[in-house]
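Visitor: Just need the structure, nothing else, for what follows:
(chains A, B and C)
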Amino acid sequence: MLKTTVVVIGGGATGVGILRDLSMRGVDALLVERDDLGYWTSSRFHGLLHSGGRYAVKDKEAAKECIEENTILRKIGKQCVEATESIFVRAPEDSEEFEAEWVKSCKECGIYAVPMSMDEAFKLEPNLSRKLLSAYRCPGAAVDGFRLLWQTVASANKYGGKAKTYTEVIGIETVNGEVAGVHVRDRWTGEEYKIACDYVISATGSFAGNVAHLAGIDVNVKPSKGTLIAFNHRICNHVVHRLHPSSDADIFVPHGSITILGTSSIDSAPDDTSSETSEVLDMMNIGKVTFENLYDYRILRVFAGTRPLYSADPNAKGRSASRGFVALDHAHDGIKHFMSVCGGKFTTYRLMAEKVCDIVCEQLGVNTACRTAEENLVDGPSDDLMNRAKAVFPSYGAELAASRLGNEKLERVIKRIESRPETKELVCECENVTLAEIEEIASEPSSHTVSDLRRRTRLGMGTCQGTFCAYRSVGAVDKDDMPWAKDTVFLFKEFLETRWKGIRPVLWGNMLRDIELTRAIYDAALNLSGVDEIK
Amino acid sequence: MKKSDILIIGNGISGLFAACVAADKGKKVQILSYGAGTLTIGGGIIDVLGYTDEGTPVADPMQAIAAMDAKHPYAKVGADTAKKALDTFLKITEEEGFPYIGSANENIWLPTAIGNFKPSCLVPRTMNGKALIAAKNILVIGFDTMKDFYADMATKNIAKRLPDKNVEQLIVELKFEYERDLRDISAMDVARWLETEAGYRSFVDQVKSHVKPDTAIVLPPVLGLDPNYKILDTLEKELDCALVEVSSLPPAVTGTRLTKMMTAYAKKRGVQIIEKARVVGSEIIDGKCQAVITEGFDRQRKFYADQFILATGGVYGGGLVAKIGAMTEPVFNIDIDVPKVQTEWSHKDLFGDKKQIFAQFGVNVNSELTPLAADGKEVASNVKVVGRSLAGYDFCVEKSGNGVALITAYKAAAAFCGEA
Amino acid sequence: MAINKHHAIDPDKCTACTICITACPVTAATRKFRGPKMTGPALTRLRKLVSDDDPMLDYCSNCKTCDLVCPSGVPISTLNMLAKNEYYKTHPRKSPADDMLAHSEKMGKLITSIPLASTFANLGMTIGKSVGMLGAMGISSNAKMPSYASESFISKFKKIKQTSYQRKVVFFSGCFINYNQPEVGVDMVKVYQKNKIEVAIDENFVCCGSPMVAGGYIDDARVNAAKNAKLLKAWVDKGYDIITACTSCGLMLKQEYQELFDFEGMSEYAEHMYDSVEYLAKLHDEGEFNTEFANDSTEYIYHAPCHLKVQAIGRPSMELLPLVPGIKIQEADAGCCGISGSYGFKADKNPIAMKVGAKLFGKIKDSHAELGVCECGTCRLQMENGSGVPAIHPLTVLRKAYGL
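Guide: Have a look, this model is predicted:
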């Protein structure tokens, strides 16, 4: 029987942060995730590494935490963070008094907010609305959720921490009011088994209530859905915030090759990741204040995630609920060594983990101090390795691959291309993903679908949204020696239908044209859904 | 020559075919084109009707067309004209030295690049799916460094679908140079290679010993870039077996051949093609279109004609513009009736057995293919709409794309030339 | 840098459909070029994010076949040119010939300003070729270099006595006509006079900048564009139409300026811009074209330059030239000639240019035509070089037909 000290449930930012922290403190830990890492909220956000500026007026504590963690993550997570800086801009409809208060608050919180002339701002960001009135530079940044999660797990791996994806917890076993283990099911094989442990931490975000229920405990999480819009190119090169009290659709984050506009806030079920056209249009109309030509930019897709807002009061709603996080020790509910962690922000995921692990370690009698702020998640590639990468990757490929893969995997991918040069072929021409990278990630035991490859590589996340790379990626993995690739049609549909979900609410303009092309290829030319009665 | 008898907007398959038909009947025809027409990225095959609305394969397309739902473009044309259209197309291919095979009354199952099969009606001889079904042995040929064909996947799926055949695969080595600053190899590159003496010889040398008696070869579309069967014929002779190209994705070698063939035929018959002419509007007086208006970086221009055929390729071709809660046809400014809420434009799944809702959006026409405005009135009596911009069909689910294009184009052109 | 929306230079319209790849002549000729879609819209997105060595950028010839076939209106070639220009700000140039070829006006000015200099320059070119000096400069020894005229068009123009007519045009001759083939400009004036049009020139016009953009010197082109745009707008305000007899100049002035730059008056003067033959075809449509031609039994083959095709004006030469009695003229319809302005003169690009043009050369030779006809000067050189058949401007055909 599988045995560990701590089982962490949930492969979001909170869960992987805890896994890494425990592992670095020498505590035996295993993370189980029902889906893929970062399948839910930790990738369904705008990818903003807060400077704290957004909270400076309303919640100074949160703001200070943000700037501290922002500084730490830029250092330890270099491969996941794009240090773009942010620009806060005030529109005519935003209050001037708030601006003054905000400037003062940023100073108090230790967040630099450098004023600049609008000419300067327009030079930095030519697409900004010419109606904007004032602008400040702050230390915000873009962060890649998928990458941060995988690299955090990679770091935990070095200390013995393990993560199992597609492993669903179906029961929490207690003996005499104390946790004894969890029962899980492998979602691909259907196999059910037990993992014995001394401690269970549920870091399941919006699903915290569901998991606590397995042990007969109530946890009040109010999932609040936020929709995000991904645009086809970099509208801006800095994070751009509206300088006003936090509201919907007031953050633009340049994210790799695209821009993400976030977000909205609607009470929802924990697994509701759908978006309505009306939400998108509401956001577009607000976003237009910041970028006046917003409707001209092509939307790639929309997506949604749920914020796991925790409230002791079951009637609390939406954004007004506390943004902080809570660690609920269920000893108070009669089960020892079971903790639910809810709420929190992606930016402070490391700090949350530190605080949780302090409590857990104390209960487990472990005295080691937290070191997660001191060590990089993964090593960056050496100059030598980068030179080797540049010699084999197609143009603009080496750096992107290096930041996606981290040092070790990059070297393996380079070796693949060095030994088989044809694997530098671009499977995804929009995001520059090579066949070698697809083969490398596909061979990892955590890969089960082409969407899994997508989350690791950005395959299918660019202009054509999978239209061309679906064929190439399925073709690359649909081989006898690939254990998870069995049914060609399933592989195609799983990938393409997921992409479609994000396009469906914005099916106009080029989005519809692209879908026509997708259908022309996969339905008309390749007959993906038609029956064949060959005669 | 600004004034023509018939002015055609669009140079996809429907526009070109309408031009060929009208020019053959002595009309002075001008085509305004913006972009190369999606014919070039299409598969180069004529799907007429592969499936019924219920998703059952169609045995005889003409029979099925005769029983079509009234909203379907085919219902406005009828089986007799449809057959004439397809026969005319076959005649053109014959004259151009690139004869297609198949008949209007039968579907052919073609292997696809996945390794499953799709029904189509008229196909070039390089895609004779029947040869595959007839052979005892199937040899799937891939090329070691070519992108966009995966022999493993194709072989596995063909074997699954044709369990009584002996399906094997062979990877031909291209031995192309390969380094960082040389681009990936596409089917078009391999087609160019096969057009060279050295490439051709290398291919034969590598394949010949693997061809058993009674074999058909399946391969990606690489049998030359031009509309002729030179490479196919010599290979079939030399290897003593049939070669069948799969239905594949763009960049499309097969679509390029068909484009070249149709364009050549049209030009030979004096059809004038004005490229990069973006048509932005029209001038209608007393219910008759006088001219269409183009716009570029310089100024607007008017193109006059007696009759107009709108062959602008639907949403993909730019012939319909999808907006938030609305859709319009920009040349004659026709509002297309669509739901206000975008999510009502589609089914939840992209791929299913049902026709997609948005796929059926398009211009409503009467039985003469004359466009109708939202109020049901004729937009202009001397205008006909053909091909993808028509409402009422889903070419993907039905497998009817180029069929609807050819058949409606024929009807429009023939009607303008005085044929009932 | 974020992508500037104001100039319609944005990759959002691309659906990655690959039509451009099937049509691009350079893609067909070499795998050193990754194709228009990748080099243009696809990588434009990534260039905002990372920079890298990208030798493939250099291979786009700016022939604009991609723009021509794109169903989505993506300014692919212009995206390529912008990327190339940005690239050379931080990377060393591949070809030492870039500077000279991009700034051909400088050389033209220098040579035509000194008596007999053209003779020596042309001689020098021949000798240079034979001793490999041009090769060292990065110029192909295989390309046919344009020779310099002893007297510039502007100088010749001043000697022409014109009849004054109400219909007035200003002729933007461009460098090639001014310094290399002034007789084409003279033919233009003669043909226009025959059609009751008065032709003006403007000595303040400078090189349109087309070779600068293609060579990676957009900043220089911007300076020229600012000058030309202002002058052109002023002529239009005075009631003149603007005529070009070089299709690349025409395209640059009316389209590429608008795509690349942001000067006032560009769209206004563009409304009055015409290719020299297009303008006559317009007269013909209006019933005012002079068709008093003498018989011409010469057999011609016409090649439509890529930069004409993309102007959406059809084939005006194929409308007018067949009006000449006795004439035998066919369109080659064989795609790009390969030269693309200065591209084919570069040593590393010339083999590509010759490969691209091979189909056209074959067509010309097989046609047994006595003369090639083409609006573009460098296309004509390439036609002559590839097929051995001399090529002339359609205006020259008309001038002869008028018996002038």
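
Visitor: what helix or strand is residue A:460 on?
Guide: If you go by DSSP states H and E, residue A:460 is not part of any helix or strand.

Visitor: For the closest residue to it other than its chain neighbours, grab the count of nearby residues.
Guide: Nearest residue to residue A:460, sequence neighbours excluded (C-beta to C-beta, 6 or more residues apart in numbering or on different chains): residue A:466, at 3.8 Å. From N, CA and C alone the C-beta is placed, and that goes for glycine too. Neighbours of residue A:466 under the rule other C-beta atoms under 10 Å in any protein chain shown: 28.

Visitor: Same question for residue A:221.
Guide: 25.

Visitor: residues near residue B:150, how many?
Guide: Residue B:150: 24 neighbours (other C-beta under 10 Å).

Visitor: quick one: the closest residue in space to it that isn't next to it in sequence and residue A:440, what's the gap?
Guide: Sequence neighbours aside, residue A:475 is the residue nearest to residue B:150 in space, at 3.1 Å (criterion: C-beta to C-beta, 6+ apart). Taking C-beta to C-beta, to the nearest Å as the measure, residue A:475 falls 16 Å from residue A:440.

Visitor: okay but the residue nearest to residue A:460 is in contact with residue A:499, surely?
Guide: Yes. Look at residue A:466 against residue A:499 with C-beta atoms under 8 Å: they come within range, at 4.4 Å.

Visitor: pLDDT at whichever residue of the stretch 251-400 of chain A sits closest to chain C, what is it?
Guide: Residue nearest to chain C within the stretch 251-400 of chain A: residue A:298 (3.7 Å; C-beta to the nearest C-beta). On pLDDT, residue A:298 comes in at 94.

Visitor: dump the residue contacts of whatever residue of the stretch 1-150 of chain B ends up closest to chain C.
Guide: Per C-beta to the nearest C-beta, residue B:35 is where the stretch 1-150 of chain B lies closest to chain C, at 3.1 Å. Contacts for residue B:35 (C-beta atoms under 8 Å, 6 or more residues apart in numbering or on different chains) come out as B:317-318, C:19, C:68-73.

Visitor: Helices - which of those land there?
Guide: B:317, C:19, C:68-69 (DSSP state H).

Visitor: wait, which of those residues is closest to residue A:294?
Guide: residue B:317 (26.6 Å; C-beta to C-beta).

Visitor: and residue C:237, how many neighbours?
Guide: Residue C:237 is flanked by 12 other residues according to other C-beta under 10 Å.

Visitor: swap that for residue A:445, sorry
Guide: Neighbours of residue A:445 using other C-beta under 10 Å come to 9.

Visitor: For residue A:19, which residues are in contact?
Guide: By C-beta under 8 Å, 6+ apart, the residues touching residue A:19 are A:8, A:29-31, A:152-153, A:156, A:161, A:163.

Visitor: Recalculate using a threshold of 7 Å.
Guide: Contacts for residue A:19 were tallied using C-beta atoms under 7 Å, 6 or more residues apart in numbering or on different chains; they are A:8, A:29, A:31, A:153, A:156, A:161, A:163.

Visitor: Confirm that it sits in a helix.
Guide: Yes. Assessed by DSSP: H, G, I helix; E, B strand; the rest coil, residue A:19 belongs to a helix.

Visitor: now stretch A:282-300, how far from the centre of its chain.
Guide: The chain centroid and the centroid of stretch A:282-300 are separated by 23 Å under C-alpha atoms, centre = their mean, to the nearest Å.

Visitor: Pull out the buried residues from that stretch.
Guide: Buried residues in stretch A:282-300, counted by 16 or more other C-beta atoms under 10 Å in any protein chain shown: A:283-284, A:286-287, A:289-292, A:294, A:297-300.

Visitor: cool, and stretch B:164-172?
Guide: Across stretch B:164-172, burial judged by 16+ other C-beta under 10 Å covers B:165, B:167, B:169-170, B:172.

Visitor: What separation is there between the residue of chain C found nearest chain B and chain A?
Guide: Closest contact between chain C and chain B, by C-beta to the nearest C-beta, is at residue C:71 (3.1 Å). Distance from residue C:71 to chain A, counting by C-beta to the nearest C-beta, to the nearest Å: 9 Å.

Visitor: quick one: contacts for that residue?
Guide: With C-beta under 7 Å, 6+ apart, residue C:71 has these contacts: B:34-36, B:38, B:317-318, C:19.

Visitor: Apply 10 Å and report the result again.
Guide: Counting by C-beta atoms under 10 Å, 6 or more residues apart in numbering or on different chains, residue C:71 touches A:513, B:10, B:12, B:33-38, B:40-41, B:313, B:316-318, C:13, C:15, C:17, C:19-20.

Visitor: Could you do residue B:14 as well?
Guide: Contacts of residue B:14 (C-beta under 10 Å, 6+ apart): B:8, B:37, B:39, B:309-313, B:317, B:385-390, B:402, B:404-410, B:412-413.

Visitor: so it sits in a helix?
Guide: Yes. Looking at residue B:14 with three-state DSSP, it is inside a helix.

Visitor: Mind giving me the packing neighbours of whatever helix or strand residue C:85 lives in?
Guide: In this assignment (DSSP H and E), residue C:85 forms part of helix C:76-90. If contacts are counted by 3 or more C-beta pairs under 10 Å, 6 or more residues apart in numbering or on different chains; DSSP states H and E, helix C:76-90 sits against helix C:36-37, helix C:43-47, helix C:65-69, helix C:210-215, helix C:218-237, helix C:257-260.

Visitor: Try it again at 7 Å.
Guide: Counting contacts by 3 or more C-beta pairs under 7 Å, 6 or more residues apart in numbering or on different chains; DSSP states H and E, helix C:76-90 is packed against helix C:43-47, helix C:65-69.

Visitor: does any part of the first one sit near chain B?
Guide: Right, the one you point to is helix C:43-47. No. Helix C:43-47 does not reach chain B (C-beta under 7 Å from any C-beta of the partner chain); its nearest approach is 12.0 Å.

Visitor: Mind listing residues that contact that helix?
Guide: Against helix C:43-47 from outside (C-beta under 7 Å, 6+ apart): A:233, A:257, A:396, A:432, A:462, C:3, C:11, C:79, C:83.

Visitor: Just say helix, strand or coil for the spatially most central residue of chain C.
Guide: In chain C, the residue lying closest to the centroid (C-alpha atoms, centre = their mean) is residue C:248, at 2.6 Å. Here residue C:248 is helix, with the state taken from three-state DSSP.

Visitor: Could you list which of the contacts of residue A:19 belong to helices?
Guide: Per DSSP H, the subset of the contacts of residue A:19 in helices is A:153, A:156.

Visitor: between the contacts of residue A:19, which is closest to residue C:194?
Guide: Closest to residue C:194, out of all of the contacts of residue A:19 and judged by C-beta to C-beta, is residue A:153, at 81.1 Å.

Visitor: Can you give me every residue that contacts the residue nearest to the closest one when sequence neighbours are not counted?
Guide: Among residues not flanking residue A:153 along the chain, residue A:163 sits closest, at 4.9 Å (C-beta to C-beta, 6+ apart). Counting by C-beta under 7 Å, 6+ apart, residue A:163 touches A:11, A:19, A:31, A:33, A:37, A:153.

Visitor: Make a ChimeraX selection of whichever of the residues you listed turn out to be buried.
Guide: Buried residues within the contacts of residue A:163, by 16+ other C-beta under 10 Å, are selected in ChimeraX with:
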select /A:11,19,31,33,37,153
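
Visitor: Same list (the contacts of residue A:163) but as CSV, adding pLDDT.
Guide: Output for the contacts of residue A:163, formatted as CSV (pLDDT from 0 to 100):
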residue, pLDDT
A:11, 97
A:19, 98
A:31, 98
A:33, 98
A:37, 96
A:153, 97
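
Visitor: Now flag whichever of the contacts of residue A:163 is closest to residue A:446.
Guide: Using C-beta to C-beta, residue A:37 is the member of those that lies nearest residue A:446, at 7.6 Å.
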